[in-house]
Structures are given as C-alpha cells and as structure tokens.
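Engineer: show me how the following folds:
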Amino acid sequence: MTHYQPGQRVALTHTTDPDHPLRPGERGVVRAFDTGRQVVSVGWDNGTVSQIHLDAGVRLDVLAAPAAITADAWNRVLAAVTSRGRLDGLRALDQWTAETLDEHVAGHRTTARRVLAAVADGNPDEAETLPASHSSTYSQPLTDWQLSDLLCGGQPALWQPVSTDEWEQAVWAYRDGFDTVVWEAAPVRCRRALAPAAGGRDLHEMDPSQVRLGGVGVFSGDWMWTDGGEGPDYARIGFVGTLIDTWKEWAVFSCTRRVAEAIVAELQERRDDERERLQAAGAAEQDLDRWVDAQFAVLSFDGDTLVVDQRVRSEDPEAIEYIAPDNDGRYVVMGGIWRWEAIAPYRCDRIVGDLPGPGEHQEFVTLAHTPALRLPHARLSLELLRQWPAADGIAYVAALTWDGRRIGTVGCDGAGGDVDLLLTHGVFGPQQMAGYLSGCRRRDEPVGQQRLLTALADEALLAAALAQAAADGATVVRRVAEDGSTGTIRPIRPIPHDWAALTRLGTDLAREAGDGRWEIWRGSGWLALPTNATTIA
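Structural biologist: Sure, this is the predicted structure:
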C-alpha cells in the first residue's frame, strides 16, 4: 500500500468511473492523506482540489521528485513570490485609493491625514483602512494553491517539493512584498489627495523643523487650527511664503500678492462670522461695524499698497499702516503682530500659493556673522590661506570657491583698500559673478562685489577666530561698521557672563578711538555690548 506524503507530486493513472471529473494523466500535489479512510486530498494542476477515494477504483502514482532546489534557485523563487506580492498590493491599493481618497468621498482628507500620521509614527495599527496581505476588504489572503502555483512559476513541470520552513518563507515573502509596497505607496496617494499641486511629493524640506531664514514654508495662524475628529488636527488654510525673520517664537514671512489677497479674504471671513454672531445675539445694527472693528483689524488694498487699519481695535487714531511691496513685489502681512507659524504642508486643508519645485525651497541664505546680507545660495565661499595683523585690521589671502572648487584668489592688505579678486577658472567668470550678485540683497538694496567679498571674508576670519577662542576658553568681541562689516577682532578672557561685566567691557571698549559698535559672541549670535554712558568722557 502506498503511503502518500503532503507535497508529493502525483498523477492520476487509472479510474473505473467514466463520469469521474478527472481523466487519467492529470497531475497534482498531495495536500493531505487520511490513511484510515484511504482518502487523498490533491491540488490539481488545473486549479481544482478534490478528495480521491483510493478504494473506488482510482489509482494515483507518485512521480519522482526532481533534484532538490539550489539556494540560488530558491532565492529566485522567493524574489518572484515577493514581486507577485507587490503587484497584488498595488492592485489592492488602487482600489482603496479610488474608494477612499477620491475628492468626492466624504472624509477623504481626514483619512489621508490619519494614514500619513500613522506612517510617520511607524504605527500600522493607526492605518487600519489600508489593504493588508493577510486580510483586507481590498485583497484576499493568498491561498495554498495560489502559492503552490507561484512556487513552480505556473509551470507544474518545474514543481519542487518544499519543506514546511520553505513554505513559510514563501508565505512571508509574499506578505512582505504586498505590505511593503502598500506602506511605501499609500503616503504618495494621501499627499496627492491633500495637495494635488505637489504631485504626491514628500515636501519634507518644508517641514517646520527644516524651514530656515530664506526658506519657503507654509504658514498659518494659531486661530486656524481645527479639531481633526477621527484624524489629526489640521489648519483650515496654509499660506506659502518665505521666512524672513522671527518675532518672539512666531514667524515673519513674505508672500506674493495673490497670497496676501487670500490672507485679507480670510480675515474678512472671520469679520463676517463675528458680525453674524453679534447680529444673532441681538446687537444693534448701527453698532455692528464698530464692535467687529474692535475685535479685528481692517485689511484692504489701495492699488498696490496694503492698508492695515487698527484705529478702532487699538483705540489709537494714528494706528493705520501702509505696506508697500518690496522690490520683488512681495508683502509682509502682519509680521510681528499676528502669531504666524510654519506648519507641515499636509496638515492644511487648503494651501494658497505656489509650492516650490524640488530643490527650490531655499530662496536665499543668510550669513552667520552678516545676517542682514542675503545671498541666493551658499555655493560661493572663501577659504583662508594665510592671514596676518595689519595697521587697520587683518590682511589675508584666501581661495574663492564654488561648490568647494577653487575658482579664484582674494586678497586684502588690511590697510583700508579694496579687496582684490582674481578669477582663475573658466566655469566662473565676470558674467557668473554678476548673476550671483543680482540675487544678493542687504536690507532690500543691491549688493556690490566688494561688499560681498568683505562679508565672505568676515565669515572665514570670524570662524577661525571663534574656533581658536573656544580652544583657549575665551570668546570674541568685534567692532562692526555701519555697513555691517567687521573691523577689529579681539579675543576676551575671562568670558563676562553677567550684565554688569558686559557693561564694564562695553564701556572700556567705547573709549577706544574708531567708528562702529562693539559686539560680543554669545555662542549662537552676536550681542551689542551695553555701555554706561555717564562714565564715558
């Protein structure tokens, strides 16, 4: 009597029942064998599964198994199973997207935000609506027969017997392919649903933690946050702008005319809502305008000028401000007055303004020691080669670099003359320098080559001085000219920490001849030294 083992390859070679659905020659794989009942469960190559009663005139022959599969061949099989899992995962995700994230589906934005938050936190349990390989509305768990078919590549002649461990490997390879592709692709679908203009891009460079001075971000006010219900809280509107300053812990940003108009419109909506609330509460019609004005400023455009009227709100008859666009046609709307903050783009229900393309999020950069000077980017810099004390400061020779590649030599004699520049590499000549300078601004004014080179030299000289001072347990003071350039640099030890010590140092330095103010490095920035003016002759 033949004893059948699960995984054996068999062929139907004889049957006495002319009505049997299977004909001699059919091949398959043994699923199970009940020795007592003499019943063999077989998964046939034609996709069916049947129970074969051996005592009913049916004969099954065990086929010789091919040679054991090699490790390389098995890895290829697993790769094919994983690929099939990814394909099935994408198909399920397509269906989920159509039924869940379509703009006409109620709550689709809440779902998208919830999934994005779950992915960011690495918590699949919070994204329970997503398709999953083991169980999902949008997918069916892989059956044993389907997996068996995958293991032989759809060609029964290539079937190889596998152990229980190998079978489990194949199961998990499929699940890994399915679930991984869903977890990778779902955020793209969600981001596309929340901000179609971004095309599903991550926009991680616009995360609040990444937005620096000169960086493009999405800004909103604390009054716009809304309870997300079943999903994360979100802001009703986000406005695209460029961070140009900070006020306390709040952001100050510049924006285009279109964005400024949207901010004005949003304020008007709040004014209208407040007016309706007061009306419903029984307020007299003649008092409504004044009561609304007492709660909110009045913003309006007069041609290209933004008018900010807060006379009623502040009870100051002169509290009216006129904001003209800068040289680039941009506005700063209520910066330093309203509590603006950068927020993650996909935490907004609606974004007003054009999102930057890849790599275009940084509109300008500032220098650590000349923050009022704005550069289009940080690809141009100076590397000190040699420096020495001179009559009116520090003389030096430095390499001018572009993306770290030397393109010229800069020199200064420290005697009050110009900074000399010799460009020595063809990739960066006078035309390229002119183009770079066109993007430089200091307090919204153009910047010339001399001022740019002086600022770059200040960065290099002060960086070296601060590094040496830190090694010596000291700090640095500097005299700053009216144009923001650094004159004298001097180490100071011991480091003054209290206000009285800072005042004494500032008073002593103020007695020295020379123009400009004295500043001290405080670890992350420069502080203008206070003086006791009554003690200075």
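Engineer: list the contacts of the residue nearest the centre of the chain.
Structural biologist: Geometric centre of the chain, nearest residue: residue 204, 0.5 Å, by Cα atoms, centre = their mean. Contacts for residue 204 (Cβ atoms under 8 Å, 6 or more residues apart in numbering) come out as residue 210. Placement of C-beta: from N, CA and C, glycine included.
Engineer: and it, how far from residue 320?
Structural biologist: 41 Å (Cβ to Cβ, to the nearest Å).
Engineer: kindly report the same for residue 138.
Structural biologist: 59 Å.
Engineer: which one of the two is surrounded by more residues?
Structural biologist: Between residue 138 and residue 320, residue 138 has the larger neighbour count (other Cβ atoms under 10 Å), namely 20 against 14.
Engineer: how about the helices in the stretch 51-200 of the chain?
Structural biologist: In the stretch 51-200 of the chain, the segments counted as helices under DSSP state H, counting those that start in this stretch are 71-100, 108-121, 144-151, 164-194.
Engineer: same question, the stretch 201-350 of the chain
Structural biologist: 257-280, 288-295, 311-314.
Engineer: list the buried residues in the second one.
Structural biologist: Meaning helix 288-295. Neighbour-count burial for helix 288-295, counted by 16 or more other Cβ atoms under 10 Å, picks out 292, 293.
Engineer: how far away from the center of its chain is it?
Structural biologist: Taking Cα atoms, centre = their mean, to the nearest Å, the mean C-alpha location of helix 288-295 is offset from the chain mean by 40 Å.
Engineer: what of the last one?
Structural biologist: For helix 311-314, the gap between its own C-alpha mean and the chain's C-alpha mean amounts to 40 Å (Cα atoms, centre = their mean).
Engineer: run a quick neighbour tally on the closest residue to residue 107 other than its chain neighbours.
Structural biologist: With sequence-adjacent residues excluded and distances taken as Cβ to Cβ, 6 or more residues apart in numbering, residue 107 is closest to residue 230, at 7.7 Å. By other Cβ under 10 Å, 9 other residues sit near residue 230.
Engineer: now do the one 5 residues further on
Structural biologist: Applying other Cβ under 10 Å, we find 23 other residues in the vicinity of residue 235.
Engineer: please list all residues in contact with it.
Structural biologist: Contacts of residue 235 by Cβ under 8 Å, 6+ apart are 220, 224, 225, 226, 343, 347, 348, 349.
Engineer: related to what we said a few turns ago, the residue nearest to the centre of the chain and residue 250, how far apart?
Structural biologist: Distance, residue 204 to residue 250, using Cβ to Cβ: 23 Å.
Engineer: residue 210 now?
Structural biologist: From residue 210 to residue 250 the distance is 18 Å (Cβ to Cβ).
Engineer: of the two, who's got more company?
Structural biologist: Taking neighbours as other Cβ under 10 Å, residue 210 and residue 250 compare with residue 250 leading, 18 against 14.
Engineer: give me the beta-bridge partners of the more buried one?
Structural biologist: residue 247 (DSSP bridges).
Engineer: please name the nearest non-neighbouring residue to residue 183.
Structural biologist: Closest to residue 183 by Cβ to Cβ, 6+ apart is residue 119, at 6.8 Å.
Engineer: measure residue 29 to residue 35 for me?
Structural biologist: Distance, residue 29 to residue 35, using Cβ to Cβ: 18 Å.
Engineer: who has more neighbours, those two?
Structural biologist: residue 29 (23 against 10).
Engineer: any idea how far residue 363 is from the more buried one?
Structural biologist: Where residue 363 is concerned, residue 29 sits at a distance of 64 Å (Cβ to Cβ).
Engineer: next one: residue 72
Structural biologist: 53 Å.
Engineer: which of these two has more neighbours?
Structural biologist: residue 363 (20 against 8).
Engineer: return the residues in contact with that one.
Structural biologist: 214, 215, 216, 242, 376.
Engineer: and the pLDDT for it?
Structural biologist: Residue 363 carries a pLDDT value of 90.
Engineer: quick check on it: phi, psi?
Structural biologist: Note on residue 363: backbone dihedrals following degrees, to the nearest 10 are phi -80, psi -30.
Engineer: pretty sure residue 474 sits against residue 496.
Structural biologist: No. Look at residue 474 against residue 496 with Cβ atoms under 8 Å: they stay out of range, at 11.0 Å.
Engineer: alpha carbons of stretch 442-453, as CSV, please.
Structural biologist: Taking C-alpha atoms only, stretch 442-453 is exported to CSV below (Å, rounded to 0.1, in the frame of the first residue of the first chain):
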residue,chain,number,x,y,z
ARG,A,442,21.2,93.9,2.0
ARG,A,443,18.2,95.5,3.6
ASP,A,444,16.4,95.1,0.2
GLU,A,445,19.2,97.0,-1.5
PRO,A,446,21.6,95.6,-4.2
VAL,A,447,25.0,94.4,-3.1
GLY,A,448,28.3,95.1,-5.0
GLN,A,449,31.2,92.7,-5.4
GLN,A,450,33.4,94.5,-2.8
ARG,A,451,30.7,94.2,-0.1
LEU,A,452,30.1,90.5,-0.9
LEU,A,453,33.7,89.6,-0.7
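Engineer: and for it, what are the contacting residues?
Structural biologist: Stretch 442-453 has contacts (Cβ under 8 Å, 6+ apart) with 326-327, 372-375, 382, 400, 410, 418-419, 421, 433, 436-438, 440-441, 483-485.
Engineer: ok, 6 Å please
Structural biologist: By Cβ atoms under 6 Å, 6 or more residues apart in numbering, the list of residues contacting stretch 442-453 from outside reads 326, 327, 372, 373, 410, 418, 419, 440.
Engineer: most neighbours among the residues you listed, which one?
Structural biologist: Using other Cβ under 10 Å as the neighbour criterion, residue 373 leads those with 25 neighbours.
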